[in-house]
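S.K.: Fold the following, please.
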Amino acid sequence: MALIQLGLLRSALCRSLLPAARPSLAECVRLPSAVPRGCGRDVVPAAPLTRHYANKKSKAKGKAQPGKVKINTELVHDILNLEEVKEGMAAILLSLKEEYSRNLSLRTSPGALDHIVVTTTNGKVPLKQLGQISMKSPQLIVVNMTGSPEVTAAAARALRDSSLRLNPEVDGTIIRVPIPMVTREHRENLCKLAKEFSHKAKESLRKVRSGAIGTLKKSKDGVSEDTLRLIEQHVQQMTDSFTADIDKQLAAKTKELLG
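M.R.: Numbering: from 1, shown residues only. Down below sits the predicted model:
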């Protein structure tokens, strides 16, 4: 009987001590098996680190694009005449266009001889003003010098010395100009000549730019460095713009010559 009562007392005692030894649900959080279980303090696994790399688009957005420098030409006229600089560059581009028209013809029409200039005792005179030019066939141009017979030899010499590489034949006051077949080689040679003209034009642009920058350097006294820098950037932008125009002229002429 005493043993039975002792067993009942031990069971009651264990039941009374069990709630104190067991943590409550609020104190203990079940975690994944990879994380040690604990009670009394929440253990939260750290989020994995993710590194974000900038793509091309985000880089392009972050990179500032230089804008065009706008300057009031009247305000800086005492420092540098920007209109004169622009006119000088425009004259170079115009000269290039004239060179292309005058020296890079495929010799397929009477107009191909319009640029020929004859040296006479009265100065240089266009051939078309001295003689009558007509095309007898795709391979023959005839120049009738009856109106100016005294300069027939000079006209033939001007044709021979031109960039068209002609071999005129003189018969009295008639100059016959055989037109060679337009071969692929001839077209390619004209393209090379077009590149040479464009390179010379770009060199002339650089000379105009250098002259303008030289004028700026002489004007340092009394002018802020920021103002000089803005003017120089404006001159550079003008140079870049006309250089792009030269490239366009070359591309168009090359396309025309190669067919």
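S.K.: And the next helix or strand past the worst-scoring helix or strand of the chain on mean pLDDT?
M.R.: Sorting the helices and strands of the chain by mean pLDDT, DSSP states H and E puts helix 56-62 at the bottom, at a mean of 47. Per DSSP states H and E, the first helix or strand lying C-terminal to helix 56-62 is helix 82-103.
S.K.: tell me which residues in that following helix are buried?
M.R.: Within helix 82-103, the residues that count as buried by 16 or more other C-beta atoms under 10 Å are 82, 85-86, 88-89, 92-93, 96, 99-100, 102. C-betas here are computed from N, CA, C, even on glycine.
S.K.: again with stretch 156-166
M.R.: Per 16+ other C-beta under 10 Å, stretch 156-166 contains these buried residues: 156, 158-159, 162, 164, 166.
S.K.: if we can go back for a sec, closest to Val125 out of the buried residues of helix 82-103?
M.R.: Arg102 (15.3 Å; C-beta to C-beta).
S.K.: burial count for the spatially closest residue to the closest one that is not a sequence neighbour?
M.R.: Among residues not flanking Arg102 along the chain, His115 sits closest, at 3.6 Å (C-beta to C-beta, 6 or more residues apart in numbering). His115 is flanked by 18 other residues according to other C-beta atoms under 10 Å.
S.K.: now the one 10 residues further on
M.R.: Using other C-beta under 10 Å, Val125 has 17 neighbouring residues.
S.K.: Name whatever forms a beta bridge with it.
M.R.: On the basis of DSSP bridges, Val125 is bridged to Val118.
S.K.: per-domain residue ranges of the chain.
M.R.: 73-105+183-258, 110-178 (the TED database).
S.K.: residue ranges with poor pLDDT in this structure?
M.R.: By pLDDT under 70, the low-scoring segments of the chain are 1-75, 107-110.
S.K.: which residues in it form helices?
M.R.: Secondary structure of the chain (DSSP state H): helices at 2-21, 56-62, 82-103, 127-130, 152-161, 184-217, 225-258.
S.K.: Done for today, thanks.
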